[in-house]
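In: Everything below, folded, please.
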Amino acid sequence: MTSTPNTYHPDYAVVGSGVAGLRAAIELSSAGTVLVLAKSNLSDSATAWAQGGIAVALSDEDEIGLHEQDTLNAGDGLCRPESVALLVEEGPKYITQLIEWGTEFDRAGTKLAFTREAAHSRSRILHAHGDSTGREISRALLARAHTIPHLHLRAHSFTTGLIVENGRVVGLRFIDETDGSLHEVLAGAVLLATGGLGQIYRETTNPEVATGDGMAIAYEAGAVLSDMEFMQFHPTALAIKGAPRFLLSEALRGEGGILRNINLERFMKRYAEAQELAPRDVVARAIVSEMHRTQAEHVYLDMTAKSAEFLQKRFPRIYATCLSYGLDLATDMAPVCPAAHYMMGGVKTDLWGRSSLPGLYAAGETADTGVHGANRLASNSLLEGLVFGARSGQAMIVDCSAVGNQKDGLAVAHGRSAASQKSVSAVRHKASSLPGSPAPKPDHTQEAIAARATASSSARAATAHSAKLAASAHHSRASASAATTEHATNNSSSKSSNSAQQASSPNPATTAALTQLRDLMWRHVGIMRNGKDLAAAIALLEKLAASRSPLPAEFLDSPHPTRHDYELSNLHTLASLMARSALAREESRGSHYRSDFPYREDDLFQKHSVIEHSKDITFEP
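Out: Model prediction:
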């Protein structure tokens, strides 16, 4: 790693290339230069993995008020009503804008096609190409970004920390994984949109990049975090030994999927009146209870009432992935179990994405806007990233203008030296000084559709072995757009990309420590919790911090810490915050279930947990 970092001066910096980060960056580009950093490929985000869809009250049978009430109900008394109102009221505007920008949602004839998912009182879920909604939204946002020359994106750039001067965030530091070099970014404002932290658990539906980096570096810089005890566990992840926990969308149950135990009995009626369409936390706990009752490692999701033609059209990616493991959803029941899926808590923000630190903003899963409360309503996450990503961008522009309207007002307000002020003024609105490249033009969706159709056709006629090959081909074609994006965005050749992959390989000690951490969290801070296990988790985490390298104080002094070292440190920090928050909340609410406190306690805990560096957890309205 170089000892003297390179320094860049965009007007605005965005960390994360999912829906929240891209939407904020597009908004910010109206006021200056924007640099978007992604620690892996631009397409490697939770957005691209989102299958179910995006919820919005646009159908003839729906109302904004109904969407609002469904969201509040799912949040189990802990949603911030003003945040929910903003989400559902502004959602239609931003969805309409996405369509104007070329997003191709599925249609029934000329009208948008809406489906229904658990805990929704109406059919209000828009989807694209069946189960590739997030990927299509990402494609449309990248296509929009492609038209903006002063919006630059840089892949394989891992943000290691924030730069704070006089109590204000003025920039960040990142490692270029292609060569290990260290860089600094000084900007008028910084947005964290790094997604969630699902990799903190042994069983998770999240991509490998979901290590909570934005939350961790915000916490270390002094920002307030809230609701860290509320982790949503998706009920139905594919449970095949040796396979990743591929998410089987809630939309499958919305289309009539049935849950059966190991004895093939339909069991949800014992746990909830809504049965398979009950809220996620209810279904996840029911599955765990049924697994314990029958001494099984999984239950089954039964879609065999649907035809192969329907499943291939409605869920092409899910259908092909299941085929790759020898499962035909039209004839076979899929083994499933719960897995960590979505973090409701995060960096505490106001309605405009402002954190407690001036100059620092957060959006998407990184932020806690209060929209989701104790339990996220299905398909509200993409909408939140879209709406609050745009609002964060708007606030950053206004706030930076308020700090100083003069040519070097931003630099003066940030307390920089005269030389630094001159440097910022000289490069303001000049994209040529930024690292990375303008957003590449993504492949057109119709090509992906054709590739998917070909893969599905081949799979339908194949044997189990050839189905695996067909599904593999499908995934290769479906990821072609992402690969093109990655190649065009990196201002280096494929040779540099290979270097990035080599540089990002974790050492055995880091891998072992991460495995132990994830197993600890799954066993002690998982779906079913109690005070004894939570206290044990906290003690074990403290022991890990004191005795093992690599962990914070030890490895960060190393001359060559890697991205994986930082990720381990971030996950360890957040694991402690989650366990402490869960122990402090002595009740059961939403996704947080305590067997020793199995009921809601509104008098004491209809409040949000709040935690700040080196301080105890408190609860605030």
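In: Who are the contact partners of the nearest residue to residue 386 once chain neighbours are set aside?
Out: Nearest non-adjacent residue to residue 386, counting by C-beta to C-beta, 6 or more residues apart in numbering: residue 94, 4.9 Å away. All C-beta spots, glycine's among them, are computed from the backbone N, C-alpha and C. With contacts defined as C-beta atoms under 8 Å, 6 or more residues apart in numbering, residue 94 is in contact with 23, 383, 386, 387, 390.
In: average pLDDT for the helix or strand hosting residue 97?
Out: Assigning secondary structure by DSSP states H and E places residue 97 in helix 81-100. Helix 81-100 shows an average pLDDT of 97 in the prediction.
In: and what of stretch 272-286?
Out: 90.
In: neighbouring contacts of that stretch?
Out: Stretch 272-286 is contacted from outside by 74, 117-119, 232-236, 250, 253-254, 257-259, 267-271, 338, 341, 375-376, 378, 527-528, 590-591, 593, using C-beta under 8 Å, 6+ apart.
In: for the stretch 1-150 of the chain, which spans come out with low pLDDT?
Out: Counting by pLDDT under 70, the ranges of the stretch 1-150 of the chain that qualify are 1-4, 43-52.
In: where along the stretch 301-450 of the chain do the strands fall?
Out: 334-343, 346-348, 360-362, 367-368, 437-438 (DSSP state E, counting those that start in this stretch).
In: partners of the fourth one, with directions?
Out: Think strand 367-368. Applying DSSP bridges to the sheet, strand 367-368 is found paired with strand 346-348 (parallel).
In: Grab the most central residue of the chain for me.
Out: Centroid check for the chain by C-alpha atoms, centre = their mean gives residue 195 as the closest residue, at 3.4 Å.
In: ok, the contacts of residue 94 vs residue 137, which is closest?
Out: residue 386 (7.7 Å; C-beta to C-beta).
In: tell me the contacts of the closest one?
Out: Taking C-beta under 8 Å, 6+ apart as the test, what residue 386 contacts is 19, 20, 23, 54, 91, 94, 95, 98, 137.
In: Tell me which two in these are the farthest apart.
Out: Counting by C-beta to C-beta, the most remote pair of these is 20 and 95, 14.9 Å apart.
In: between these two, which one's more packed in?
Out: It is residue 20, of residue 20 and residue 95, that has more neighbours when counted by other C-beta atoms under 10 Å, with 36 against 24.
In: I'd assumed that one was in a strand, is it?
Out: No. Residue 20: not assigned to a strand; according to DSSP: H, G, I helix; E, B strand; the rest coil it is helix.
In: Wait, it touches residue 387, no?
Out: No. At 9.3 Å, residue 20 and residue 387 do not qualify as touching, with contact defined as C-beta atoms under 8 Å.
In: Quick check on residue 237: phi, psi?
Out: With angles defined as degrees, to the nearest 10, residue 237 sits at phi -110, psi 140.
In: is it in a bridge, and if so with what?
Out: With DSSP bridges as the criterion, the beta-bridge partners of residue 237 are residue 247, residue 337.
In: quick revisit: show me what counts as buried in the helix holding residue 97.
Out: Neighbour-count burial for helix 81-100, counted by 16 or more other C-beta atoms under 10 Å, picks out 83, 84, 85, 86, 87, 88, 90, 91, 94, 95, 98.
In: For the fourth one, which non-adjacent residue is closest in space?
Out: Using C-beta to C-beta, 6+ apart and skipping the chain neighbours, the partner closest in space to residue 86 is residue 351 (6.0 Å).
In: next one: the last one
Out: In this structure, residue 98 finds its nearest non-sequential neighbour in residue 140, 6.0 Å apart by C-beta to C-beta, 6+ apart.
In: Extract the C-alpha trace of the host helix or strand of that neighbour and format it as CSV.
Out: Applying DSSP H and E as the criterion places residue 140 in helix 133-146. Extracted C-alpha coordinates of helix 133-146, given in CSV (Å, rounded to 0.1, in the frame of the first residue of the first chain):
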residue,chain,number,x,y,z
THR,A,133,-36.9,-6.4,-10.5
GLY,A,134,-33.8,-5.1,-8.7
ARG,A,135,-31.6,-5.9,-11.7
GLU,A,136,-33.9,-4.0,-14.0
ILE,A,137,-34.1,-1.0,-11.8
SER,A,138,-30.3,-1.0,-11.5
ARG,A,139,-30.0,-1.2,-15.3
ALA,A,140,-32.3,1.8,-15.8
LEU,A,141,-30.5,3.9,-13.2
LEU,A,142,-27.1,3.1,-14.7
ALA,A,143,-28.5,4.0,-18.1
ARG,A,144,-29.6,7.3,-16.7
ALA,A,145,-26.2,7.9,-15.1
HIS,A,146,-24.6,7.1,-18.4
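In: Tell me the helices and strands packed up against it.
Out: Judged by 3 or more C-beta pairs under 8 Å, 6 or more residues apart in numbering; DSSP states H and E, the packing partners of helix 133-146 are helix 19-28, helix 46-49, helix 81-100, helix 381-403, helix 445-460.
In: now the helix or strand just after the third one: how far from the chain's centre is it?
Out: Next along the chain after helix 81-100, taking DSSP H and E as the criterion, comes strand 107-108. Between the mean C-alpha point of strand 107-108 and the mean C-alpha point of its chain there is a distance of 28 Å (C-alpha atoms, centre = their mean, to the nearest Å).
In: Now the contacts of residue 94 in CSV, please, with extra columns for distance to residue 512.
Out: Below are the contacts of residue 94 laid out as CSV (distance: C-beta to C-beta, whole Å):
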residue, distance to residue 512
23, 38
383, 39
386, 39
387, 41
390, 42
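In: Looking at those residues, spot the one nearest residue 578.
Out: residue 383 (25.0 Å).
In: Could you measure from the closest residue to residue 20 other than its chain neighbours over to residue 194?
Out: Residue nearest to residue 20 in three dimensions, not counting chain neighbours: residue 364, with 3.0 Å by C-beta to C-beta, 6+ apart. Taken as C-beta to C-beta, to the nearest Å, the spacing of residue 364 relative to residue 194 amounts to 8 Å.
In: Need the overlap of contacts for the two.
Out: residue 16.
In: Give me the more crowded residue out of those two.
Out: Neighbour count, other C-beta under 10 Å: between residue 364 and residue 194, residue 194 has more, with 36 against 33.
In: tell me the SS of the closest residue to the more buried one other than its chain neighbours?
Out: The shortest distance from residue 194 to any non-neighbouring residue, by C-beta to C-beta, 6+ apart, is to residue 214 (3.4 Å). The three-state label given to residue 214 by three-state DSSP is helix.
In: what's the burial count for residue 214?
Out: Residue 214: 32 neighbours (other C-beta under 10 Å).
In: just to revisit the earlier point, the contacts of stretch 272-286, buried ones only, as a ChimeraX selection?
Out: The buried residues among the contacts of stretch 272-286 can be selected in ChimeraX (16+ other C-beta under 10 Å) with this line:
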select :74,117,118,119,232,233,234,235,236,250,253,254,257,258,259,267,268,271,338,341,375,376,378,527,590,591,593
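In: Quick one: mark the members of the contacts of stretch 272-286 that sit in helices.
Out: Among these, the ones falling in helices (DSSP state H) are 74, 250, 253, 254.
In: export these to TSV and tack on distance to residue 576?
Out: Shown next, in TSV, are the ones in helices among the contacts of stretch 272-286 (distance: C-beta to C-beta, whole Å):
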residue	distance to residue 576
74	28
250	31
253	35
254	37
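In: quick one: which of the residues you listed is nearest to residue 516?
Out: Among the ones in helices among the contacts of stretch 272-286, residue 250 lies closest to residue 516 (C-beta to C-beta), at 31.2 Å.
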